[in-house]
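Asker: need a 3D model of the sequence below.
(one chain, ligands or ions: 1)
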Amino acid sequence: MSALSNFIADIKTIYHLAKPIQGNTHQERLESFYSHQSTNYDRFRRRLLKGREELYSFIADKQGNGGIWVDLGGGTGGNFESISDRLSQFAKIYIVDLSSSLLKIAQQRIADSQWTNVVAVEGDVTTFIPPENSVDIVTFSYSLTMIPDWFKAIEQAKKILKPGGIIGVVDFYVSRKHPPEGWQRHSFFTRHFWPIWFATDNVFLSSEHLAYLDHNFETVYLTEQMGNLAFVPGVKVPYYRFIGRKKSDNSTHN
Ligand SMILES: C[S@@+](CC[C@H](N)C(=O)[O-])C[C@H]1O[C@@H](n2cnc3c(N)ncnc32)[C@H](O)[C@@H]1O
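Answerer: Predicted coordinates for the structure are as follows:
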């Protein structure tokens, strides 16, 4: 695409980010938001959603060996591009999402790239169960903040994970006013401004996602960082990367 067509696509995306979202159900609202942005989704979000390549690369390096991976709220499946050379080591990869327009891009990508072990599935991640029932890896990349019942999504992810299985999450967040020791504490402005800003797009930044993940899984890795906001130089939004392990059945909080 030429620089001009990219510029026009970005203006269209920004217009649809600013436009009020319609719909009576969660799925209708997602489609109202994404249906006119889907073709430019990957290019536009590359500048906004930080830490995704690092998360997927870390998991692909450490957890291959024929395992099953479920990417919850996986959208266009673009996160698997950066690890396409390592996808064949997985028995199966499911990309689960409720937005049919983003899934269409995922299906096209799977066909074009001949990822024979990858399947895009329309489904709600708060209830999704894969045909194999239990899996080795689950990931949420910037999807928890868009799932109203995010706690159900985490519980469902835990349910389908095998004991010892890995959960990886990357997303925006804000800290608690009084976070646990060793965790970051954001300023009053950060804690109050970003949730209001993102809520207009039905993206709900929370101080509780990370705490709930830490409560439900054994934390293997956690990093809290600030990422640039696309098109607004110098403005940074907090995001985290979390990797946890499901505890075995006889340990507490499993
Ligand atoms: C910001 S996008 C992230 C997509 C992709 N994971 C990425 O990193 O680019 C959030 C995704 O969550 C999906 N989503 C939100 N609620 C969902 C639900 N209950 N079940 C399945 N997908 C959901 C949306 O349709 C959207 O594709």
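Asker: what's in contact with the strand or helix carrying residue 16?
Answerer: Take DSSP states H and E as the rule and residue 16 turns out to sit in helix 3-18. Contacts to helix 3-18, defined as CB atoms under 8 Å, 6 or more residues apart in numbering, come from residues 1, 33, 36-37, 39-41, 43-44, 200-201, 231. In short, each C-beta sits where N, CA and C put it, glycine included.
Asker: give me the distance between it and the centre of its chain.
Answerer: 23 Å (CA atoms, centre = their mean, to the nearest Å).
Asker: what do you get for stretch 168-184?
Answerer: Worked out by CA atoms, centre = their mean, stretch 168-184 lies 16 Å from the chain centre.
Asker: swap in stretch 78-91?
Answerer: Distance, stretch centre to chain centre, for stretch 78-91: 16 Å (CA atoms, centre = their mean).
Asker: quick check: end-to-end length of it?
Answerer: Terminal residues of stretch 78-91 are spaced 19 Å apart (CA to CA, to the nearest Å).
Asker: so where is the stretch 101-250 of the chain shaky, pLDDT-wise?
Answerer: Low-confidence segments of the stretch 101-250 of the chain, defined by pLDDT under 70: 249-250.
Asker: can stretch 10-19 be found next to the ligand?
Answerer: No - interface with the ligand: stretch 10-19 contributes nothing (CB under 6 Å from any ligand atom), its closest point being 11.3 Å away.
Asker: could you pull up the mean pLDDT of that stretch?
Answerer: In this model, stretch 10-19 carries a mean pLDDT of 75.
Asker: how about that stretch: buried residues?
Answerer: 10, 13, 16 (16 or more other CB atoms under 10 Å).
Asker: what residues does this structure put near the ligand?
Answerer: Counting by CB under 6 Å from any ligand atom, the chain comes close to the ligand at 30, 45, 49, 52, 73-75, 78-79, 96-99, 102, 124-126, 141-143, 146-147.
Asker: which ones among the residues you listed lie within strands?
Answerer: Mapping these onto strands (DSSP state E) picks out 96-97, 141.
Asker: pick the one among those closest to residue 152.
Answerer: When those are compared for distance to residue 152 (CB to CB), residue 96 wins out at 14.0 Å.
Asker: about what we covered before: between the contacts of helix 3-18, which sits nearest the ligand?
Answerer: Proximity of those to the ligand (CB to the nearest ligand atom) peaks at residue 41, which lies at 7.1 Å.
Asker: once you drop chain neighbours, what's closest to that closest one?
Answerer: residue 76 (5.5 Å; CB to CB, 6 or more residues apart in numbering).
Asker: and residue 121, by the same measure?
Answerer: residue 96 (5.0 Å).
Asker: how many neighbours does that neighbour have?
Answerer: If you count neighbours by other CB atoms under 10 Å, residue 96 ends up with 22.
Asker: the one 5 residues further on too?
Answerer: When neighbours are defined as other CB under 10 Å, residue 101 has 19 of them.
Asker: and it, what does it touch?
Answerer: Going by CB under 8 Å, 6+ apart, residue 101 touches 31, 34-35, 38.
Asker: residue 95 now?
Answerer: Residues in contact with residue 95 (CB under 8 Å, 6+ apart) are 71, 74-75, 77, 80, 103, 106, 118-121.
Asker: look up how far residue 193 lies from it.
Answerer: Going from residue 95 to residue 193 by CB to CB, to the nearest Å gives 32 Å.
Asker: my guess is the residue nearest to residue 121 meets residue 77, correct?
Answerer: No - with contact defined as CB atoms under 8 Å, residue 96 does not count as touching residue 77 (10.5 Å).
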